[in-house]
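output the structure for:
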Amino acid sequence: MVSKRFITKRLLLLGPVLFGVATLVFSILHLSPGDPAVAIAGQRASEEFVEQVRSNLGLNDPLWEQYLRFLRDTLMLDFGQSYQVQRGTAVSAILRDRLPITIELAILGQIAGLVFGLPLGIISAVKQDTVADHLARVGALAGISVPIYWSGPLLIVLFAQVLGVLPTSGRISSIYFVDQTTGFILVDTLLNGNIEAFWSAARHLLLPVVVLGIYSMAFISRMMRSSMLEVIRQDYMRTARAKGQGAKITVMKHGLRNAFIPVITIVGIQFGTLLGGSVLTETVFEINGIGTLLVSAIETSDYPVVQSTVLVFAFMYTLVNLAVDVTYSIFDPRIDQ
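So this is what the prediction gives:
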């Protein structure tokens, strides 16, 4: 059982982390070359209009005043309006539409990595130096080595163009209209009771999930193998076998729980990596998530969108780390709570 004191300590650490990230984002954007007012007004705008835009944005104010205003607006979840990506639209509304798309991809990719990575790591450790072990290690090495911007187009060519069995882009066929309740397309299609739309969404998401899942599976399987090998050699494992307990029961009952502890950390780090990998995945498969939003905002110098998107990524990453800490303490009660 996780104590309230342990959770409270972890929650209190979120504040300084997010404050540091907000300060870093503000500093980088204000120290970067280029004038946000010119980017918003356009290169051909008159000097008077550019100055008016600069005044409306408060860019003529002292830097410390701009910084304090930025922190205040961030605390109030007021990210301003988009000036380029969706001109005149509140950034919070844009994030509300785009964020579930990226979260859904990351969760599905992480689930795929766990479902296939954990068994591969266990089998590879139990059958060390066998053909199965060598094949699993080679597959994991290949999964880590192949970048997303290469594996994505390769899968598109194979399954969409050569075999013609899967779509190349998007989240669902254009013939279906789904009411957005949660923002997760698979959940929303089920809530609407449209099974055909659900299968269409599943087919569209399969390739991007596979791309993310391969990378996650490779890391998880390698970590699970090394952790399980270390656990198998422990005295309590040999004692359990000496008492007549079967090999499978010993591994699953005594070995898996202890071997899974280091993997939890990797899962948390991997989820953050998957969120970052969504930038490439969404670009390759033309999915309008928060990754493509960030790319578009950077290309058009839409500073409010860039700031808010980076802050949302940081906030999600800290929440994942909090969940990892809590899960870690459940598996290992010896952790100071």
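
what is the burial count for S145?
10 (other C-beta atoms under 10 Å). C-beta coordinates here come from the backbone N, C-alpha and C atoms, glycine included.

distance of it relative to A37?
45 Å (C-beta to C-beta, to the nearest Å).

quick one, longest helix in the chain?
helix 195-232 (DSSP state H).

what packs against it?
helix 91-126, helix 131-145, helix 148-155, helix 185-191, helix 256-284 (3 or more C-beta pairs under 8 Å, 6 or more residues apart in numbering; DSSP states H and E).

give me the mean pLDDT for stretch 163-180.
Stretch 163-180 shows a mean pLDDT of 81.

CA atoms only for it, dumped as CSV, please.
Provided in CSV are the C-alpha atoms of stretch 163-180 (Å, rounded to 0.1, in the frame of the first residue of the first chain):
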residue,chain,number,x,y,z
LEU,A,163,0.0,-5.8,-50.4
GLY,A,164,-2.8,-3.2,-50.4
VAL,A,165,-4.2,-4.4,-47.1
LEU,A,166,-3.8,-1.3,-44.8
PRO,A,167,-4.4,2.4,-45.4
THR,A,168,-1.5,4.8,-45.6
SER,A,169,-2.6,7.7,-43.4
GLY,A,170,-5.2,9.2,-41.2
ARG,A,171,-7.1,7.8,-38.2
ILE,A,172,-10.3,6.6,-39.8
SER,A,173,-11.9,6.4,-43.3
SER,A,174,-13.5,9.7,-44.5
ILE,A,175,-16.9,7.9,-45.0
TYR,A,176,-17.4,7.7,-41.2
PHE,A,177,-18.5,10.5,-38.9
VAL,A,178,-17.8,9.9,-35.2
ASP,A,179,-18.9,12.1,-32.4
GLN,A,180,-15.9,13.2,-30.4
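
buried set for that stretch?
Buried positions in stretch 163-180, judged by neighbour count with 16 or more other C-beta atoms under 10 Å: L166, P167, T168, G170, R171, I172, V178.

right, and the last one touches R171 too?
Pointing back at V178 there. No. The criterion here is C-beta atoms under 8 Å, and V178 misses it with R171 at 9.4 Å.

list the residues that contact both of these two?
I185 (C-beta atoms under 8 Å, 6 or more residues apart in numbering).

on that earlier part again, of the buried residues of stretch 163-180, closest to A201?
I172 (4.5 Å; C-beta to C-beta).

how far away is the closest one from E196?
I172 is 10 Å from E196, by C-beta to C-beta.

go on, V305?
35 Å.

those two: who's more crowded?
Using other C-beta under 10 Å, the more surrounded residue of V305 and E196 is V305, with 29 against 11.

so what are the domain limits for this structure?
Per automatic domain parsing, the domain ranges recorded for the chain read 34-76, 94-301.

any low-confidence regions in the stretch 101-250 of the chain?
Applying pLDDT under 70 to the stretch 101-250 of the chain flags the ranges 236-237, 240-241, 245-248.

redo that, cut-off 90
101-197, 200-250 (pLDDT under 90).

redo the domains of the chain as JSON lines? Include distance to A314.
Conversion of the domains of the chain to JSON lines gives the following (distance: least, C-beta to C-beta, whole Å):
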{"stretch": "domain 34-76", "distance to A314": "11"}
{"stretch": "domain 94-301", "distance to A314": "10"}
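
which ones are touching L280?
P147, I148, Y149, G152, G291.

and the buried ones among those residues, selectable in ChimeraX?
Selection of buried members from these for ChimeraX, criterion 16+ other C-beta under 10 Å:
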select :148,152,291
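
nearest to R257, of the contacts of L280?
Nearest member of the contacts of L280 to R257, counting by C-beta to C-beta, is I148, at 32.4 Å.

wait, isn't the closest one in contact with T283?
No. I148 lies out of contact with T283 (C-beta under 8 Å); the separation is 9.4 Å.

next up, the contacts around the most centrally placed residue in the chain.
In the chain, the centroid-proximal residue (C-alpha atoms, centre = their mean) is L275; its distance is 2.1 Å. Listed by C-beta under 8 Å, 6+ apart, the contact set of L275 reads T102, A106, F313, M316, Y317.
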